[in-house]
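> model the following, please.
(one chain, ligands or ions: 2)
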Amino acid sequence: MFEGKPLAGQTAVITGGGTGLGRSMALRFAELGAKVAITSRKQENLEATLQEITALGGTGLAVGCDVRDYAQVEAMVKTVADQLGPIQILVNNAAGNFLAPSEMLSPNAFNSVVSIVLNGTFHCTSAVGKHMIANESGGRILNIVTTYAWMGSAFVLPSACAKAGVLAMTRSLAVEWGKYKIRVNAIAPGPFPTPGAWERLMPDKALEEEAKKRIPSGRFGEHIELANLASYLVSNYSDYINGECVVIDGGEWLMGGEFNHLTTLPWERLAELAAKIRPPKKS
Ligand code: HXC
Ligand code: NAP
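Ligands and ions are numbered 1, 2, ... in the order given. Below is the predicted model:
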């Protein structure tokens, strides 16, 4: 998909970069030439992914940081800039989520997700954004949201509220920081198997099969597909894309369309229905 190393000379920060989709983006960015700082709470996840980056011949850095704490975020940004050079790319990927009936949520449960997803994204965007503005280097910020950021979703209320806020942040800052040559975009993934998401949202196989049936493409996403999209959006190839949210979900979110349930009927039954309503041919 890409020629050469389109991210060469760039320093990227990926939050939640030690596991799941964050790890996949980190490895792809490193292959494409970026110096990649990965950051999250658990050092053991970060170290394992850092070893993989190094094994690919890439340059990386593992920095422990809880994105809920602004002081830790500021310290993380300083460490990355000191060790890898000025930051041009930020991916806000860290998240928390779990399936729960909303009437069972405690205020602390709601807050635990919102403070990672919404406050954490603001903290990193603010600290890295100020760094980019001061360096007059421009930059690219990519926020990982979900397709329910605009639709809402039952049973993941804190995540739905927080991701909607991140989408609003994406569009607001794309306008405000355009003058600094900072582009702010988002990706809304449909289901991509990761241990973190699956253990909290897809706790049994039957649920997984039901989920697959709702996807027009008939399958879950592959990590490389998302990693390539992210690479494009943080590269100069997408220089005129700003304030956009790109959906990558095999068409899943469109399944609410009024007559889409007819796609499950056999072709003969559809032909029979179509014949019933077709006007007679004019002679
Ligand atoms: C109800 C729950 C709960 C659950 C935790 N809580 N899990 N309530 N159902 N399953 C409540 C706790 O009882 C507590 O409230 C409060 O939430 C905080 O819990 P802690 O365990 O102390 O929180 P913390 O250690 O900060 O961990 C945050 C976390 C955890 C979000 C709860 O799951 C986490 O660390 N997640 C990070 C990774 C992650 O979630 N990855 C999935 C992203 S996937 P009380 O009142 O008892 O104190 C994703 C995909 C979206 O976003 C789309 C898919 C298609
Ligand atoms: P994941 O592996 O659980 O990723 C979440 C990451 O966030 C972990 O690396 C975790 O690391 C980090 N994190 C959590 N709390 C943090 C905190 N307070 N400070 C710093 N880092 C923190 O799940 P994933 O599936 O790859 O999800 C990645 C992103 O994709 C998320 O934004 C998610 O909402 C989005 N997404 C995923 C799917 C999917 O199907 N997988 C679909 C739509 C959107 P530590 O535990 O080490 O802190």
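
> who's in contact with the residue nearest to Tyr237 when sequence neighbours are not counted?
Excluding the flanking residues, the one nearest Tyr237 by C-beta to C-beta, 6 or more residues apart in numbering is Pro6, at 6.6 Å. C-beta here means a position set from N, CA and C on the backbone, and glycine is covered the same way. Residues in contact with Pro6 (C-beta atoms under 8 Å, 6 or more residues apart in numbering) are Leu32, Gly33, Ser231, Ser235, Asn236, Tyr237.

> and Pro6, how far from Ala34?
According to C-beta to C-beta, to the nearest Å, Pro6 and Ala34 sit 9 Å apart.

> pop out the phi and psi values for the residue nearest to Tyr237.
phi -60, psi -20 (degrees, to the nearest 10).

> same check, this time on Ile89
phi -130, psi 130.

> my guess is it meets Ala12, correct?
Yes - contact criterion C-beta atoms under 8 Å: Ile89 and Ala12 qualify, at 3.7 Å.

> burial measure for the closest residue to ligand 2 within the stretch 1-150 of the chain, as a count.
Closest contact between the stretch 1-150 of the chain and ligand 2, by C-beta to the nearest ligand atom, is at Gly20 (2.1 Å). Neighbour count for Gly20, taken as other C-beta atoms under 10 Å: 20.

> same check on Asn185?
21.

> for the helix or strand containing it, which strands pair with it and how are they oriented?
Per DSSP states H and E: Asn185 is located in strand 182-189. If you go by DSSP bridges, strand 182-189 pairs up with strand 139-144 (parallel), strand 245-248 (parallel).

> save those as a markdown table, and put in mean neighbour count, distance to ligand 1 and mean pLDDT too.
Shown next, in a markdown table, are the strands paired with strand 182-189 (neighbours: other C-beta atoms under 10 Å; distance: least, C-beta to the nearest ligand atom, whole Å; pLDDT from 0 to 100):
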| stretch | mean neighbour count | distance to ligand 1 | mean pLDDT |
| --- | --- | --- | --- |
| strand 139-144 | 25 | 8 | 99 |
| strand 245-248 | 17 | 12 | 98 |
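
> right, and these - which one's nearest Gly218?
strand 245-248 (15.2 Å; C-beta to C-beta).

> list of residues touching the closest one?
Taking C-beta under 8 Å, 6+ apart as the rule, strand 245-248 contacts 145, 147, 149, 167, 170, 185-190, 221, 225-226, 229, 233, 253.

> OK, contacts around Arg28?
Counting by C-beta under 8 Å, 6+ apart, Arg28 has contacts Ile224, Ala227, Asn228, Ala230, Ser231.

> of those residues - the most surrounded one?
With neighbours set by other C-beta under 10 Å, the maximum within the contacts of Arg28 is found at Ala230, which has 28 neighbours.

> what angle separates the helix or strand harbouring that one from strand 182-189?
Element membership for Ala230, per DSSP H and E: helix 223-234. The directions of helix 223-234 and strand 182-189 differ by 160 degrees, with axes from the mean of the first three to the mean of the last three C-alpha atoms, to 10 degrees as the criterion.

> check whether helix 223-234 contacts ligand 2.
No - Helix 223-234 does not reach ligand 2 (C-beta under 6 Å from any ligand atom); its nearest approach is 8.4 Å.

> what helices or strands is that helix leaning on?
helix 20-31, strand 89-92, strand 139-144, strand 182-189, strand 245-248 (3 or more C-beta pairs under 8 Å, 6 or more residues apart in numbering; DSSP states H and E).

> same thing but at 7 Å, please
helix 20-31, strand 139-144, strand 182-189, strand 245-248 (3 or more C-beta pairs under 7 Å, 6 or more residues apart in numbering; DSSP states H and E).

> do it and ligand 1 meet at all?
No - against ligand 1, helix 223-234 shows no contacts by C-beta under 6 Å from any ligand atom, the least distance being 12.1 Å.

> gap between whatever helix or strand Glu209 lives in and the chain center?
According to DSSP H and E, Glu209 maps onto helix 205-213. Centroid displacement of helix 205-213 relative to its chain, using C-alpha atoms, centre = their mean, to the nearest Å, is 22 Å.
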